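Colleague: model the structure of this input:
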Amino acid sequence: MARPRSEGSTGSAGSTGARSGSGTGSTGSTAAKGGAAGAAGSTGSIPAPRPGGRAEARRAAQGKAGAGAAKEAPPVTGGRAAARAASRKPKKNVKKIVAWSAAGVLVLIAGTGGAIYFKLSGNIKTIDSDAIAKDRPPEAQADANGNKPVNILLIGSDSRGGGNSDLGGGDAEGARSDTTILLHVYADHKNAIGVSIPRNTLATIPPCKLPNGKWTKEQKGENVLFNAAFEVGGSPDGNPACTQNTVEKLTGIRVDHTLVVDFAGFAAMTKAVGGVDVCLPKAIFEGDINPNLPKKGAQILPAGRQKVEGQKALDYVRLRHGLGDGSDIGRMKRQQAFMSSMISTVKKKGLEPTTLLPLADAATKSLRVDEGLNTVDKLMSFALSLKNIDLHDLKFVTPPWRYHEANLDLVKPDVDKLWEAIRADRTLDGKDATGQQPDAPATPEAPATPEAPPTPTPTAAARTTTAAPVKVAVYNGTTVNGLAAKASEALKAAQFTVTGTSQAKSTNKATTTIEYGAGQKANAEKVAALFPGATLTSTSAAGVSVVLGKDYADANGGAATPGAPAAPAAPAPLPSSVTEEARSADDDICANTTYGSGG
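Modeller: Numbering: from 1, shown residues only. Have a look, this model is predicted:
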């Protein structure tokens, strides 16, 4: 594959200034048009476009002064023509898209209530699930409380189709991912981490589905950049499934949900919450927003703390030049600061109807999601699962990287340790957040664990009801070795047929669980007679399985059988290249918002 276009596609980092990324585009006219579309209705309108932009700069360079000025349209007379003009919807020009925190949006959707359920659900667009690769990382297992980690891929697209080039969005068709964040919500649902993946990272793009239904071949090499995955197929809407496939191959982490957030909706959402607090180390001018302009231009954003919304919020999160070395690394830091501040704003406002209704409308209009989140009730259920994440326990990081000419390489083995820690549900400080927390309160009704013989003795009822052979698989859901073999002997003594023993994928089961497939409930109840206190759970898998929990280990003295498989080792501590650059959502908004010197 040829190197993606330098205009936005590579987003080359560093002080070379060889290329101008999509973040340097003339967001003035583009943002105004996109923002107005997304902010219609209760969210208000986006300010009129500023003069300038790439299109005007090109015309000026060609000696066509004034060609970029908008021509006045002839006035619309009264009557039906006027009514049609007033009610006509804006054309769906391809929008610039920037990613922001799904957590803040979804929590608010949770409070909208049923009155506007169908309206909001009708806003949501669904991503094609058939385009997700079949060869994927394994799905995370639930912990002792039924919770499991969730990985959400947030994509912001820089689309260039239609007539967007005249608005300063570039000359080429198609779309690329302008911003990509992998948000990992730990199984305890009290911690989360967002990993910003630099768009100009060298990457391997696995086979991806094209609009015509065919699949591409794997692409790799020094000309293949991460953000080109979104461009595969050349669709004006981009290819989020291909980006998801690429992230899964890059990280070894299974993505549970994917969301694409559009430019106009972003602008409308910032207005719906009444603006977001940000901070800049120096003032920003029109020439910084669009370096193609031949002049410094007017001041757009002052230095210091300020509240931004709509167009100015877009300028802040898309700003690349004028600060630090003008790289995407600095821009990602500002985006992380913005997301942190917006989530803080949402939390402070709470679930007030005056905030909820316009924000929920703007959010759902701006989202393209996978099938697992494509209705309001699905979004609501997911949003409610995030409500206990404290700002300090929401972290943002950039994976360890180094320059590779104008682009980036992820540094091994440091980055592999980051992916490993996330897969193991370990926080940046090494805490196990799988959900089996040591300070978790015990169930009030739970009696003290009674003394029990090393191996449960089958009751007479169990013996008489197990005359017919019942096949059972046994899994050790704890870190105590040898439990599966011990339970296997008890089952065999009770005339059950044990089909195999092994370690469960999750090793923090609190209570033994008897899992059964269709038509196996009666057999599962017979098996449960051997494991006092065990719970029964129906699954889609065939047969009957016993997943041993800590209760069984306690009742059997925690004894280990020689030769039994050891529990998985904890991942290695994360390197300082990851932990030192981490940002908490409650950090000072003026801190860590640039990278490099210059500007």
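
Colleague: going forward, measure contacts between C-alpha atoms and count neighbours the same way
Modeller: Will do.

Colleague: show me where the stretch 401-550 of the chain has helices.
Modeller: 414-423, 460-464, 483-493, 521-528, 550-555 (DSSP state H, counting those that start in this stretch).

Colleague: need the least confident one among those helices, by mean pLDDT.
Modeller: Here the lowest mean pLDDT among the helices of the stretch 401-550 of the chain goes to helix 460-464, at a mean of 39.

Colleague: which stretches of this structure aren't confidently modelled?
Modeller: 1-119, 143-145, 157-177, 350-357, 435-468, 558-570, 598-599 (pLDDT under 70).

Colleague: scan the protein for its longest helix.
Modeller: helix 328-349 (DSSP state H).

Colleague: quick one on the thing from earlier: so which of the helices of the stretch 401-550 of the chain comes closest to residue 225?
Modeller: helix 414-423 (17.2 Å; C-alpha to C-alpha).

Colleague: which strands or helices does the closest one pack on?
Modeller: The contact analysis (3 or more C-alpha pairs under 8 Å, 6 or more residues apart in numbering; DSSP states H and E) places helix 414-423 against helix 576-579.

Colleague: coming back round to it: list the buried residues of the longest helix of the chain.
Modeller: Of the residues in helix 328-349, 328-347 count as buried by neighbour count, 16 or more other C-alpha atoms under 10 Å.

Colleague: please apply the same query to stretch 526-536.
Modeller: For stretch 526-536, the neighbour count (16+ other C-alpha under 10 Å) marks 526, 527, 528, 529, 530, 531, 534, 536 as buried.

Colleague: do the same with stretch 380-389
Modeller: 380, 382, 383, 384, 385, 386, 389.

Colleague: start and end of it, how far apart?
Modeller: Using C-alpha to C-alpha, to the nearest Å, one end of stretch 380-389 lies 16 Å from the other.

Colleague: ok, stretch 274-282 next?
Modeller: Note: stretch 274-282 ends 24 Å apart using C-alpha to C-alpha.

Colleague: what residues does it touch?
Modeller: 270, 302-310, 313, 323, 337-338, 341-342, 345, 589-590, 593 (C-alpha atoms under 8 Å, 6 or more residues apart in numbering).

Colleague: hmm, back to that, make JSON lines from the helices of the stretch 401-550 of the chain and add distance to residue 571 to it.
Modeller: JSON lines is the format used below for the helices of the stretch 401-550 of the chain (distance: least, C-alpha to C-alpha, whole Å):
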{"stretch": "helix 414-423", "distance to residue 571": "6"}
{"stretch": "helix 460-464", "distance to residue 571": "42"}
{"stretch": "helix 483-493", "distance to residue 571": "24"}
{"stretch": "helix 521-528", "distance to residue 571": "35"}
{"stretch": "helix 550-555", "distance to residue 571": "22"}
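
Colleague: out of the ones you listed, which comes closest to residue 214?
Modeller: Of the helices of the stretch 401-550 of the chain, nearest to residue 214 by C-alpha to C-alpha is helix 414-423, at 30.7 Å.

Colleague: who touches that closest one?
Modeller: The contact list for helix 414-423 (C-alpha under 8 Å, 6+ apart) reads 184, 251-253, 399-400, 427-428, 571-575, 577-578.

Colleague: most surrounded residue in those?
Modeller: Within those, residue 184 tops the neighbour count with 25 neighbours, counted by other C-alpha atoms under 10 Å.

Colleague: if we can go back for a sec, which one among the buried residues of stretch 526-536 gets closest to residue 148?
Modeller: For these, the nearest to residue 148 is residue 536 (18.8 Å; C-alpha to C-alpha).

Colleague: return the set of residues that bridge with the closest residue to the closest one other than its chain neighbours.
Modeller: Nearest in space to residue 536, with sequence neighbours left out and distances taken as C-alpha to C-alpha, 6 or more residues apart in numbering, is residue 514 at 4.8 Å. Counting by DSSP bridges, residue 514 forms beta bridges with residue 536, residue 546.

Colleague: now do the contacts for residue 514.
Modeller: Counting by C-alpha under 8 Å, 6+ apart, residue 514 touches 524, 527, 528, 534, 535, 536, 537, 544, 545, 546, 547.

Colleague: pretty sure the fourth one sits against residue 510.
Modeller: No: here residue 534 lies out of contact with residue 510, judged by C-alpha atoms under 8 Å, at a distance of 10.1 Å.

Colleague: any idea which element residue 142 lies in?
Modeller: For residue 142, there is no host helix or strand (DSSP states H and E).

Colleague: and it, how many neighbours?
Modeller: 17.

Colleague: need the contact list for it.
Modeller: Here residue 142 is in contact with 148, 149, 187, 506 (C-alpha under 8 Å, 6+ apart).

Colleague: can you check residue 334 too?
Modeller: Residue 334 neighbours (C-alpha under 8 Å, 6+ apart): 316, 317, 592, 593, 594.

Colleague: make TSV out of those and add secondary structure and distance to residue 245.
Modeller: TSV is the format used below for the contacts of residue 334 (DSSP: H, G, I helix; E, B strand; the rest coil; distance: C-alpha to C-alpha, whole Å):
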residue	secondary structure	distance to residue 245
316	helix	30
317	helix	26
592	coil	31
593	coil	30
594	coil	30
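
Colleague: which of those residues lies closest to residue 241?
Modeller: residue 317 (24.3 Å).

Colleague: wait, isn't residue 385 in contact with residue 189?
Modeller: Yes: if you go by C-alpha under 8 Å, residue 385 and residue 189 touch, sitting 6.7 Å apart.

Colleague: circling back: from the buried residues of stretch 380-389, which is closest to residue 493?
Modeller: Nearest to residue 493 out of those is residue 385 (C-alpha to C-alpha; 43.1 Å).

Colleague: all set, thanks.
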